[in-house]
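Sequence unavailable; structure follows:
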């Protein structure tokens, strides 16, 4: 089943055609990577999918529903979670609290319930706490639960960010350059986490620079260059694709 | 965990009782008048702290909301409808038959007919809510300096309106605002016989306000607000409707300010344009900044101290200048508030106080 379908996505920034009529689908349960040289439009494409950037034309459908005109928070609620290239931890919150925010779409205590501390919210808070701890455990960072997230090492913050994204029980997880800024050990660690997330039945779409990471874990790869899709296929197909070799190594 | 956060509130309650006992023992009851006013202003301060410290927005228009509350209630409870009733004005007759008008006499023995303070208070809260939504929807799309300018503009508009409109008493403001009846014979009034009772009423109102906001910041909503403050686009990507949360926080905060305006106006028996003025808004922002933005307790304690000193006239005619100077000093040397100064921070950490 095609979980996410991107159809003729288009985005211009003034004279720059950042994303030029890109189409592809993401099957349920796979790890799919979008690669390309710097400035190929990968992150722009990501921001178009997650709604944080308005698109010029084209559609995105997720679980057979069109989501391309929804706001980012609505897209998040529909079951799509994302991470950021420059990890965006919430300042002034512990790792645990960061993950708790991730459960926002799955919980419902509002202003009145919060101010009046209504008894039913206690059970909800307990549920939030337990689930957040479970996710920290899954990502092997429970020992950092009560440490302010922004003071953790980069790799640990990346793990907290994964836990935070998983907290909303997403159907699909969008990872924007998950290995950015990490050393080779941390990158290997992230690769292991991503396959572990896939094993939970969550589809993963990632944008990545680091070839070793992409080739190791991806089931399928889309290659962008100057905003256009130039290839799509399995890692071994991509490795032998002449166009891809040309843009990466030059002629 | 659910109760632990209320321990400081119990401490606040005990401290407020202690202050009353001390004034009674030393025969300095007259301090209670300013303390009562300070407590009502404290309600506004904690509301503003919620907007500034937790939602990360600034409002330079909070005296405007204070004024909307105070003036609405004052105008409705001082308008004399007795002639209108005598001439059979249908709206007034309907209001009278619904029992929401109060019949009374002024000191000259003339008959008075005005709207019941509870109804006036309700009207003030509703008006504030509507205005806060109307202002908040467009204005909260702005950030930083632009938001500050827009709310400042709102504050100036309110100030000019109360200064120009006849039913708001123009430059004189409104006086002779009747007491706000509570239970039995107890009312919110500046009457000297009820000074102690009024002190406790204001303390209870403040404590209830504090409990509500403490609950809120420790709830799912509070987490979402802190997240918005921490990284707005990430909060958005986590499914937090950031625009809605900012707006609702602004409205809650406006209602707190408005309620402070209503109660303080009935307590002092009047309100004047300077109470709704921009200088007051700046003072409130300064107090929250000194308290350290994201600390209800910091803002409240600084608010209680500085407002009390100001009301006692300790700053003399340099009142506004003192607050301006304090704001500049804080921004230069302790932008995170004085409770976050290194040596005080260490004390706080030792206490293990994380809120």
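Sure, I can see it. If you're wondering where the values come from, they're calculated on a predicted model, not measured in any experiment.

Run a quick neighbour tally on residue 104.
The chain I'm using is chain A. Number of residues near residue A:104 (other Cβ atoms under 10 Å in any protein chain shown) recorded here: 24. Every residue, glycine included, has its C-beta placed from N, CA and C.

if you could check chain B rather than the one you did, that'd help
Neighbourhood size, residue B:104 [other Cβ under 10 Å]: 13.

List the buried residues of stretch B:9-20.
With burial defined by 16 or more other Cβ atoms under 10 Å in any protein chain shown, the residues of stretch B:9-20 counted as buried are B:9, B:12-13, B:16, B:19-20.

And stretch B:108-119, by the same measure?
Of all the residues in stretch B:108-119, those buried under the rule 16+ other Cβ under 10 Å are B:112-117, B:119.

next one: stretch A:89-98
For stretch A:89-98, a neighbour-count test (16+ other Cβ under 10 Å) marks A:89-90, A:93-98 as buried.

Just the terminal-to-terminal distance for it.
7 Å (Cα to Cα, to the nearest Å).

what sits up against that stretch?
Residues outside stretch A:89-98 that contact it (Cβ atoms under 8 Å, 6 or more residues apart in numbering or on different chains): A:101, A:129, A:132-133, A:136, A:141, A:144-150, A:152, A:156-157, A:160-161, A:163-164, B:223, B:226-227, B:229-231, B:234-235, B:294.

and it, how far out from the chain's middle?
18 Å (Cα atoms, centre = their mean, to the nearest Å).

Repeat that for stretch A:182-201.
13 Å.

Contacts for it next, please.
A:29-31, A:138-139, A:154-155, A:158-159, A:162, A:166, A:173, A:175, A:178-179, A:204, A:206, A:210, A:212-213, A:216-217.

please redo it, this time with the cut-off set to 6 Å
By Cβ atoms under 6 Å, 6 or more residues apart in numbering or on different chains, the residues outside stretch A:182-201 that reach it are A:31, A:155, A:162, A:178-179, A:204, A:213, A:216-217.

re the thing from before, output the buried residues of stretch B:108-119 in CSV; the columns should cover pLDDT and distance to chain A.
Formatted as CSV, the buried residues of stretch B:108-119 follow (pLDDT from 0 to 100; distance: Cβ to the nearest Cβ, whole Å):
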residue, pLDDT, distance to chain A
B:112, 85, 37
B:113, 87, 36
B:114, 89, 32
B:115, 90, 28
B:116, 91, 26
B:117, 93, 24
B:119, 93, 23
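
ok, back up a step: for chain A, state which of the buried residues of stretch B:9-20 is nearest.
Nearest to chain A among the buried residues of stretch B:9-20 is residue B:9, at 12.3 Å by Cβ to the nearest Cβ.

secondary structure class for the residue lying closest to residue A:154 once chain neighbours are set aside?
Nearest non-adjacent residue to residue A:154, counting by Cβ to Cβ, 6 or more residues apart in numbering or on different chains: residue A:181, 5.6 Å away. Classification of residue A:181 using DSSP: H, G, I helix; E, B strand; the rest coil returns coil.

Tell me the spacing between residue A:181 and chain B.
17 Å (Cβ to the nearest Cβ, to the nearest Å).

same thing with residue A:192?
24 Å.

Can you check the pLDDT for that residue?
On the pLDDT scale, residue A:192 is placed at 91.

Show me what from the stretch 201-350 of chain B comes close to chain A.
Within the stretch 201-350 of chain B, the positions near chain A by Cβ under 6 Å from any Cβ of the partner chain are B:212, B:215-216, B:219-221, B:223-224, B:226-227, B:230-231, B:234, B:236-241, B:248.

So which other helices or strands are in contact with the helix or strand hosting residue B:71?
Counting by DSSP states H and E, the element that carries residue B:71 is helix B:62-78. Contacts defined by 3 or more Cβ pairs under 6 Å, 6 or more residues apart in numbering or on different chains; DSSP states H and E place helix B:62-78 against strand B:111-115, helix B:117-139, helix B:144-164, helix B:242-268, helix B:278-291.

Check which element follows it along the chain.
The helix or strand immediately downstream of helix B:62-78 is helix B:82-86, counting by DSSP H and E.

List the contacts of that next one.
Contact with helix B:82-86 is made by B:92, B:96, B:111, B:113, as judged by Cβ under 6 Å, 6+ apart.

Buried residues of it, list them for me.
B:82, B:84-85.

Can you show me the strands along the stretch 51-200 of chain A?
For the stretch 51-200 of chain A, the strands defined by DSSP state E, counting those that start in this stretch cover A:57-62, A:65-66, A:80-82, A:172-176.
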